[in-house]
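>>> Give me a 3D structure for the following:
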Amino acid sequence: MKFEIILSFTISFLIILNLTTTSATTSTSTSSTTIRIRPITATIPQIESCDSSCKAQSFASGTCKSPTGDGFVASAELLSYGNSYTDITDSEANTLFSLFRTQGFTEFTMRFPAFSYTSSGATSTQVSNIKRLMRIADQYNMEVNLDLHTWYTTWDNDFRDSASGSAANRAAYIQYVRNTIPQFESEPNLKAWMVLNEPQARTASTSENSFIRDVIREAKSLTTRPVSVRFMMGYSPSTGHYATYLDDEVDFLCRNSYWDSRYPSTTVYGATQAKFLAALDHAHNMGKELWITEFGKTSDQVGYFKENVAYYRSVGVDRVFAWAIQTEGAESYNIFNGMTPKAAFYELVSDSTTPTCSGTQNPNGNYECSGICCCSGTITSTTTRPTTISTIKPLPIGGGGGGRMPLMMSLSNTNVAAILIALIVVVIIIFWGFTFFAKRK
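Okay, here's the model as predicted:
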């Protein structure tokens with residue numbers, strides 16, 4: 001009798017086990033399932049495009065609108081009095097970069113004094129201070145272009161064929177590039193490199209063109225960022241003064257131009273409207289961007305910037321950088337007076353790169369759009385806000401073609417009914433067993 005009872009229990013247990021494990025196995029056509037739970041409130045990160053006053057106030061409702069425009073960027077080159085950026089403190093940098101970001105800057109350029117190059121590379125003071133300012137700029141979501149800034153006199157005195165010791169000077173400069181660029185490769189907001197500035201206003205020889213090519217290639221072997229050379233608009237590969245293959249070597253085209261679109265027939269430093277349009281067509285035919293890496297004026301700055309920014313934007317230039325911003329010193333093209341922007345600074349208007357909002361404003365004139373504070377201030381931080389979550393995303397189960405879930409997580413209503421039926425069968429078998437063997441006695 002004991003044997004028959006044990007057999008009955010064993011058969012019943014196997015029936016239940018088969019039903020539960022079969023129902024818990026996922027389909028071989030999927031490797032995930034979705035688990036729904038009751039809505040809960042959690043705190044998750046939300047990026048706020050707003051200033052401290054916005055975050056201090058309650059949010060209001062609004063509707064987001066997509067960014068407008070074709071991506072045109074207007075910005076400037078930030079210079080240092082003394083060329084090592086020791087003159088810009090952290091506090092001044094925060095003030096300066098807040099002004100940049102409020103104006104709509106998404107990037108700007110900083111200058112290395114490569115006219116004082118040595119084979120050992122940029123000085124440790126230059127490197128440490130430029131990195132310091134880059135990291136502060138990164139807090140404002142701005143990228144930085146780095147300009148190894150030679151002068152046309154550097155070319156004349158050191159690099160041209162007739163310069164004394166030109167071969168040794170060229171080798172020393174390539175070593176300068178080799179020792180400088182790798183020190184910045186880990187900076188997350190490094191956007192691009194310009195590795196020579198304004199080769200002389202003359203027609204280059206074969207060896208002079210080869211030197212520029214070698215500098216470009218050396219730089220490109222050292223960085224994952226785009227690389228270019230800043231030619232003068234009037235004396236460049238697209239004007240025939242330098243080999244056209246140099247524009248093939250670079251990742252984007254740079255031209256320095258002080259030509260004024262208000263006076264199109266007037267030549268400025270060799271630049272004319274025809275040369276500018278030729279460079280623009282040349283760049284875009286190659287599928288590359290054209291950057292005006294220097295433009296500016298010492299007088300009538302507001303009118304100049306207003307008209308020329310609008311002109312460059314209208315004809316399809318990709319980026320323009322005003323020359324220049326310097327918080328100390330006597331730079332004649334300066335568009336700042338100490339830490340205070342001059343009126344011309346506010347003519348550097350880029351296309352919108354962030355959503356605009358409409359709707360009900362909070363006391364500071366800011367909106368909330370889909371959980372994101374949208375306002376006229378600066379992107380300053382990532383904060384946390386309560387958010388209701390009702391569904392957990394699909395979770396992978398098993399190693400590929402299915403698997404088994406824990407029993408209590410996998411039982412559906414159908415499975416429960418099957419188990420109850422199995423239990424009833426067990427009870428019937430046990431009752432039958434006791435009755436049958438009782439009769440035999």
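>>> for this structure, which spans come out with low pLDDT?
For the chain, applying pLDDT under 70 flags the ranges 1-70, 352-420, 422-423, 425-441.
>>> Show me the helices in it, by range?
2-24, 52-56, 90-103, 124-139, 152-154, 166-180, 206-220, 245-249, 273-285, 301-315, 407-410, 413-440 (DSSP state H).
>>> Show me what the third one is packed against.
In other words, helix 90-103. Packing partners of helix 90-103 (3 or more Cβ pairs under 8 Å, 6 or more residues apart in numbering; DSSP states H and E): helix 124-139. (Glycine included, C-beta is placed from N, CA and C.)
>>> Report the buried residues of the helix it packs on.
Q126, V127, N129, I130, K131, R132, L133, M134, I136, A137, D138, Q139 (16 or more other Cβ atoms under 10 Å).
>>> what comes into contact with it?
80, 83-86, 88, 90, 93-94, 97, 108, 110, 112-113, 143-144, 146, 180, 183-184, 187-190, 380 (Cβ atoms under 8 Å, 6 or more residues apart in numbering).
>>> Which PyMOL command selects the buried ones in those residues?
Selection of buried members from the contacts of helix 124-139 for PyMOL, criterion 16+ other Cβ under 10 Å:
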select buried, resi 80+83+84+85+88+93+97+108+110+112+113+143+144+146+180+183+184+187+190+380
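>>> Run a quick neighbour tally on the residue nearest to F231 when sequence neighbours are not counted.
Spatial nearest neighbour of F231, excluding adjacent residues (Cβ to Cβ, 6 or more residues apart in numbering): R255 at 5.9 Å. By other Cβ atoms under 10 Å, 28 other residues sit near R255.
>>> now R255: how far from R202?
Look at R255 and R202: by Cβ to Cβ, to the nearest Å, they are 17 Å apart.
>>> quick one: E328 and S257, what's the gap?
E328 sits 27 Å away from S257, going by Cβ to Cβ.
>>> Could you check which of the two has the larger neighbour count?
The neighbour count for E328 versus S257, taken as other Cβ under 10 Å, is higher for S257 (28 against 16).
>>> E208 and S257: what is the separation?
In terms of Cβ to Cβ, E208 sits 22 Å off from S257.
>>> try F321
11 Å.
>>> Now do the shared contacts for the two.
Joint contacts of F321 and S257 (Cβ under 8 Å, 6+ apart) are I292, E294, F295.
>>> Let me have these in TSV, extended by neighbour count and distance to P264.
Formatted as TSV, the shared contacts of F321 and S257 follow (neighbours: other Cβ atoms under 10 Å; distance: Cβ to Cβ, whole Å):
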residue	neighbour count	distance to P264
I292	28	16
E294	25	19
F295	26	15
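>>> so can I have JSON lines of these showing distance to E307?
As requested, the shared contacts of F321 and S257 are exported to JSON lines (distance: Cβ to Cβ, whole Å):
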{"residue": "I292", "distance to E307": "14"}
{"residue": "E294", "distance to E307": "17"}
{"residue": "F295", "distance to E307": "11"}
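>>> care to break the chain down by domain?
1-19+415-441, 41-65+359-387, 73-353 (automatic domain parsing).
>>> Could you identify which of these is most buried?
domain 73-353 (a mean of 19; mean count of other Cβ atoms under 10 Å).
>>> Output stretch 171-191 as PDB, restricted to C-alpha atoms.
Extracted in PDB, the C-alpha atoms of stretch 171-191 (Å, rounded to 0.1, in the frame of the first residue of the first chain):
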ATOM      1  CA  ALA A 171      61.500  70.300 -38.200                       C
ATOM      2  CA  ALA A 172      61.300  72.200 -34.800                       C
ATOM      3  CA  TYR A 173      57.800  73.300 -35.600                       C
ATOM      4  CA  ILE A 174      56.600  69.800 -36.500                       C
ATOM      5  CA  GLN A 175      58.100  68.700 -33.200                       C
ATOM      6  CA  TYR A 176      56.200  71.500 -31.500                       C
ATOM      7  CA  VAL A 177      53.000  70.200 -33.000                       C
ATOM      8  CA  ARG A 178      53.900  66.600 -32.000                       C
ATOM      9  CA  ASN A 179      54.500  67.600 -28.300                       C
ATOM     10  CA  THR A 180      51.500  69.900 -28.000                       C
ATOM     11  CA  ILE A 181      48.500  68.200 -29.500                       C
ATOM     12  CA  PRO A 182      48.500  64.900 -27.500                       C
ATOM     13  CA  GLN A 183      48.200  66.800 -24.200                       C
ATOM     14  CA  PHE A 184      44.700  67.900 -25.100                       C
ATOM     15  CA  GLU A 185      43.300  64.700 -26.700                       C
ATOM     16  CA  SER A 186      41.400  63.700 -23.500                       C
ATOM     17  CA  GLU A 187      39.600  67.000 -23.100                       C
ATOM     18  CA  PRO A 188      36.000  66.200 -23.900                       C
ATOM     19  CA  ASN A 189      35.000  69.600 -25.300                       C
ATOM     20  CA  LEU A 190      37.900  70.000 -27.700                       C
ATOM     21  CA  LYS A 191      36.300  70.500 -31.100                       C
END
